[in-house]
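Visitor: here is my input, please return the structure:
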Amino acid sequence: MSQDATATNGERTEHRTNGLIGRRRFVQSAVSTAALGTSGLASASASGREASGSGACGGFPPESLTKWGPSVTLGDGEARTFTTTTTSGTTPIHGVLVGRAALQGLPSAADLADCGGYDDKYGPGGLATTIHGKRSLEFFVPFPDAEGTSITFLGLNWNPGGHPPPGVYGVPHFDIHFHALPMATVDAIEGLRRASHDVPAARIPEGFSRAPDPNVGGPAVVTDMGEHLVNRNASEFDGEPFTNALIWGVHDADDDGVAELSFVEPMVTRAYLTGLSGTDERPVPQAQDAHGTGPWPRTYSVRDVPTRDAIAITVQGFDGD
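Guide: Predicted coordinates for the structure are as follows:
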């Protein structure tokens, strides 16, 4: 086992590397509750209000209720996972804190075409790879505490050229996957290929549908992700510019021919994050049949955290609040 250490906002975070899978390495971290600054912003949800606190001793994420995962290098800054509990010890919030410096100096598609400058996706430097047929910078980052929810780890992608469908999601943006499957399972997903599994209607969240890909002649399985479900009623499918959207994902992990919910994915453009102030909280539509993969979050938020000079993207409301 090898280990290294990365300094983040004045604190030291260990990255322990173990569990080789092929030539790829998983990064696990010693969790920390050290302070990274405070903010007075409050979420609109009950769980967010309870966790956000107020005044000099509060803020989001609240210091005493937050554990931090490892940080990764993104653009000129960093992104870091965290898990926050409420004062009652329930309703965890999973999130990633993206420093505003990370929105600058991001690699272009041409930069990503040369993978020599990047580590693997389990390390702090990320991996340049082909996702959705486009160049993408990809990270797999664990959460410090994933107990009691469906969420296992974060899949973070920077897409400098966007991705299909053209004219909808073809602008520079981040895909922020809150995965429910183990890292090794997601790592083994290969695409682009036509999905051979079925997805029962009861397992498709309200308002969402399977998305045929003309490149494969039907619903597609995407590398390191799975099949994506889209909301065709979303404004970006009606000619409005894409800024902040939600995607659901499914995957047939047990090869029984039927897929289960496997990730929930906020997608946010760089331009939207750059201009964000306050908190933008939105619902996460639910499926009738989660088939043992829940509980899933009921809302997600994109929140300006000015005193940390950062943005937090979170999922919350696992108990229905």
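
Visitor: ok, the closest residue to residue 319 other than its chain neighbours - how many residues close by?
Guide: Leaving aside its sequence neighbours, residue 319 sits nearest to residue 91 (CB to CB, 6 or more residues apart in numbering; 5.3 Å). (Glycine included, C-beta is placed from N, CA and C.) Using other CB atoms under 10 Å, the number of residues around residue 91 comes to 23.

Visitor: residue 91 and residue 314 touch, don't they?
Guide: No - with contacts counted by CB atoms under 8 Å, residue 91 stays clear of residue 314, the gap being 11.8 Å.

Visitor: quick one: residues contacting residue 102.
Guide: When contacts are counted by CB atoms under 8 Å, 6 or more residues apart in numbering, residue 102 touches 74, 75, 76, 77, 78, 79.

Visitor: ok, residue 229 next?
Guide: Counting by CB under 8 Å, 6+ apart, residue 229 has contacts 199, 204, 205, 208, 209, 210, 211, 247, 248, 249, 250.

Visitor: so can I have TSV of the residues you listed showing pLDDT and neighbour count?
Guide: Formatted as TSV, the contacts of residue 229 follow (pLDDT from 0 to 100; neighbours: other CB atoms under 10 Å):
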residue	pLDDT	neighbour count
199	98	21
204	97	20
205	96	20
208	98	20
209	97	16
210	97	17
211	91	16
247	98	21
248	98	25
249	98	23
250	98	29
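
Visitor: now for those, which pair is the farthest apart?
Guide: By the measure CB to CB, 199 and 247 form the most distant pair in these, at 14.2 Å.

Visitor: in the protein, which helix or strand is least confident?
Guide: Of all the helices and strands that make up the chain, strand 11-21 has the lowest average by mean pLDDT, DSSP states H and E, namely a mean of 32.

Visitor: ok, the contacts of residue 229 vs residue 174, which is closest?
Guide: residue 247 (12.1 Å).

Visitor: parallel or antiparallel, which strands does the helix or strand encompassing the closest one pair with?
Guide: Following DSSP states H and E, one finds residue 247 within strand 244-251. As defined by DSSP bridges, the strand partners of strand 244-251 come to strand 226-230 (antiparallel), strand 260-269 (antiparallel).

Visitor: appreciated, that's everything.
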